[in-house]
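*Asks:* Got a predicted model here, sequence first, then my questions.
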There are 2 protein chains.
Amino acid sequence: MPKAPTSADVAREAGVSQSTVSYVMSGKRPISEKTRRRVAEAIDRLTYEPHAGARALAGHRTSTIAVVMPLRQASSAERLMIFVEEFTYAARRRDHDVLLVTADEGAAGLRRVAGRSLCDAIVVMEVGSHDARVETARGLAVPVVFVGIPDDGEGLDCLDFDFEGAGEVIVSELAGLGHRTVDVIGWGEDVHAQGFNYIPRFTAGAERAARRSDVRLRWHRASTGEDVRRAVDNARAASGVPALAVVTAIPETLHALSERRLRPGRDVDVVALTTGFVSEADGLTNVSTRPRDVSRRVMERVFGLIDGDLATRGGADLVPASLTRGGSTRSRPADRPAGPADNHREKEAS
Amino acid sequence: MPKAPTSADVAREAGVSQSTVSYVMSGKRPISEKTRRRVAEAIDRLTYEPHAGARALAGHRTSTIAVVMPLRQASSAERLMIFVEEFTYAARRRDHDVLLVTADEGAAGLRRVAGRSLCDAIVVMEVGSHDARVETARGLAVPVVFVGIPDDGEGLDCLDFDFEGAGEVIVSELAGLGHRTVDVIGWGEDVHAQGFNYIPRFTAGAERAARRSDVRLRWHRASTGEDVRRAVDNARAASGVPALAVVTAIPETLHALSERRLRPGRDVDVVALTTGFVSEADGLTNVSTRPRDVSRRVMERVFGLIDGDLATRGGADLVPASLTRGGSTRSRPADRPAGPADNHREKEAS
DNA sequence: TTGTATGCGTTATCAA
DNA sequence: TTGATAACGCATACAA
């Protein structure tokens, strides 16, 4: 195993000084085309790669973004993987890497990765309404971007999907179909227990729309398939065509409906809050939480802060909710004619 | 923003030399109890954290494990997240962090993270049967552990679930129930196209068991819900109770069966290859691919290599397949009496 | 346009 | 049991 070449080796090979090699790599000062070529060739010949640690030490930047994962049961695996993937790709486009941190390290994890100079910025996923990490973030030497909107996040960099708008648009849609009662298949007790801020936000939006449209919401916290079946039976007990807002356990819900011979879009109206782009959402009238858009905007913010763009700094951004009509809801009886042209239109949250 | 304290600051605060601080932290030489305490207190007072880059530079180790992700559609998100989580937790237990690398960097990604001294070891997930990264790994200065069994992986460190055994045990189980034909709902064309080695391994095991038991296998490559429905209809066309081996798209399959009023364990025998611990697998007769066990063994191997345990080095390990009986298959007609006691027994692969 | 020299914050060797 | 001190490999201020 031959020792890895250093920039000094490259310098010798190219017949220039070590600092010239460094400047060729960083482009931070003008270099003549001739020496640039000589150095580039030497780098190729030796397959030189700069030592990341030495770079971090001398340059005061690590080219690494730390990403704090959510706790296990907090979110759908699909949504999570999309976030992680998008973060990593976005980082690579800027020549950065992603370092994973588990949620169970809590606020200490933020202090650790910042204190040890392991990263240039931190992304915290699934922040809670009252989250110790929010206060910790204020004192760190590296910028922190939160995915989620904590209650006490004044002046911090927060970004999330607009769950409030989603609640609103989903309930409005069902109200527009003439329903006076909507059964919500909502997050389970276990998820509620985590205190994620998106739950109260979704709830607030849904309740606001319900008040405005004079609709009654019945909330069901569903963790298991049994919970889902109970909720579906409950919805069916009302007279007329039941209305379901499904924010979790979509496959289980569809399965329960199928067991009961209830065809979405005919015997029951279903609007789903979808978290990924998986087949479960095929053809459903749904609001997507747009994980890719959220991820991209998060990373734009991250690099904005790293680059020192003060314009990017502070405040909460929301990725707007929009509804896509599919086959799981009936066409409007009153204000428009039924027909296939009615499907797959989009409707923005107010 | 005050500058971060260094070990020299700690030394001054504690009234000792800088090297003593270093030795207190590493425990690499005996320290008197008195100075250990003084130093520890100083570290606390200053909330000192060692600079990771400086450590890597001077110590020739990074305390980081690079994990190369699979391509997007390669695996179920649940399985992936379990791997990533387990890797990260295992790393933390040994005071290491995890750096993510995307599959699209290919072999160059391995060279990059190794060459830049970004990690002490690399884990490559979802290796293909013929994978350029295998050859690259042989020339690297850091150990590489592969999840998967490449064809040309002689002498490399490989580890995976025993997909061959899984194919065998699944088909044997259905054969034991008296079936002469088994329909396999298998990975879609898109997954096949990636050339993952686990597909031929599963196939080989299934075919071997089929030959032994004189069973005919009908393979269906299912990417979409439509593919699944077609496969199910195909299985139903045969006389008698259909037998299904479901290795992908479990929810879609259950849904298709439910649509057709086929109750698993009564009108159809279903054995599933499950990739996560999600509700989809509830009560099914299944073989789990045991992602947690695989992850743990991978990380044991990683740290074995880092620690220089030569006993750990080289060769392929398989995590054995075992079948758990559930309600989706009928009890044995011949060699045992039917009954609830028959459920949830385990059966190892031969 | 290029070279020289210093410092970044550790680890580890050599002395004491 | 502890203290000086020399690397480690790069970035950058200062000179030329």
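*Replies:* Yep, it's here. Not measured: the values here are computed from a predicted model.
*Asks:* Any chance of the backbone angles for A:S19?
*Replies:* phi -70, psi -30 (degrees, to the nearest 10).
*Asks:* Measure how buried it is and give me the count.
*Replies:* 11 (other CB atoms under 10 Å in any protein chain shown). Using the backbone N, CA and C atoms, a C-beta is placed for each residue, glycine as well.
*Asks:* got it, and A:D9?
*Replies:* Count around A:D9 with other CB under 10 Å applied: 17.
*Asks:* residue contacts, the residue of the stretch 101-250 of chain A found nearest chain B?
*Replies:* Residue nearest to chain B within the stretch 101-250 of chain A: A:G115 (3.2 Å; CB to the nearest CB). Contact analysis of A:G115 by CB atoms under 8 Å, 6 or more residues apart in numbering or on different chains lists B:4, B:47, B:49.
*Asks:* Would you reformat those as a markdown table and include distance to DNA strand C, secondary structure and neighbour count?
*Replies:* Formatted as a markdown table, those follow (distance: CB to the nearest atom of the strand, whole Å; DSSP: H, G, I helix; E, B strand; the rest coil; neighbours: other CB atoms under 10 Å in any protein chain shown):
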| residue | distance to DNA strand C | secondary structure | neighbour count |
| --- | --- | --- | --- |
| B:A4 | 6 | coil | 16 |
| B:T47 | 12 | coil | 10 |
| B:E49 | 7 | coil | 18 |
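*Asks:* Take those and lay them out in TSV including distance to A:D293 and pLDDT.
*Replies:* Formatted as TSV, the contacts of A:G115 follow (distance: CB to CB, whole Å; pLDDT from 0 to 100):
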residue	distance to A:D293	pLDDT
B:A4	35	95
B:T47	37	97
B:E49	35	98
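*Asks:* where along chain A do the strands fall?
*Replies:* With DSSP state E, the ranges of strands along chain A come out as A:64-68, A:97-101, A:121-124, A:144-147, A:157-161, A:181-187, A:216-222, A:243-246, A:269-274, A:285-288, A:315-319, A:322-324, A:346-348.
*Asks:* what sits up against the first one?
*Replies:* In this case it means strand A:64-68. A:84, A:87, A:91, A:96-103, A:105, A:109-110, A:113, A:118-125, A:133, A:299, A:302, B:99.
*Asks:* what do you get for the fourth one?
*Replies:* Strand A:144-147 is contacted from outside by A:83, A:110, A:121-127, A:134, A:137, A:153, A:156-160, A:294, A:298, A:301-302, A:305, using CB under 8 Å, 6+ apart.
*Asks:* Next: the second one.
*Replies:* Taking contacts as CB under 8 Å, 6+ apart, the residues outside strand A:97-101 that touch it are A:63-69, A:84, A:87-88, A:91, A:109-110, A:113, A:118-119, A:122, B:64, B:84, B:88, B:97-101, B:113, B:118.
*Asks:* and the angle for that strand with strand B:64-68?
*Replies:* Strand A:97-101 and strand B:64-68 are oriented at 110 degrees to each other (axes from the mean of the first three to the mean of the last three CA atoms, to 10 degrees).
*Asks:* With only the CA atoms kept, save strand A:97-101 in PDB.
*Replies:* Extracted as PDB, the C-alpha positions of strand A:97-101 are listed here (Å, rounded to 0.1, in the frame of the first residue of the first chain):
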ATOM      1  CA  ASP A  97     -21.000  15.400   1.600                       C
ATOM      2  CA  VAL A  98     -23.700  14.400   4.000                       C
ATOM      3  CA  LEU A  99     -23.000  13.200   7.500                       C
ATOM      4  CA  LEU A 100     -25.800  11.400   9.300                       C
ATOM      5  CA  VAL A 101     -26.700  12.100  12.900                       C
END
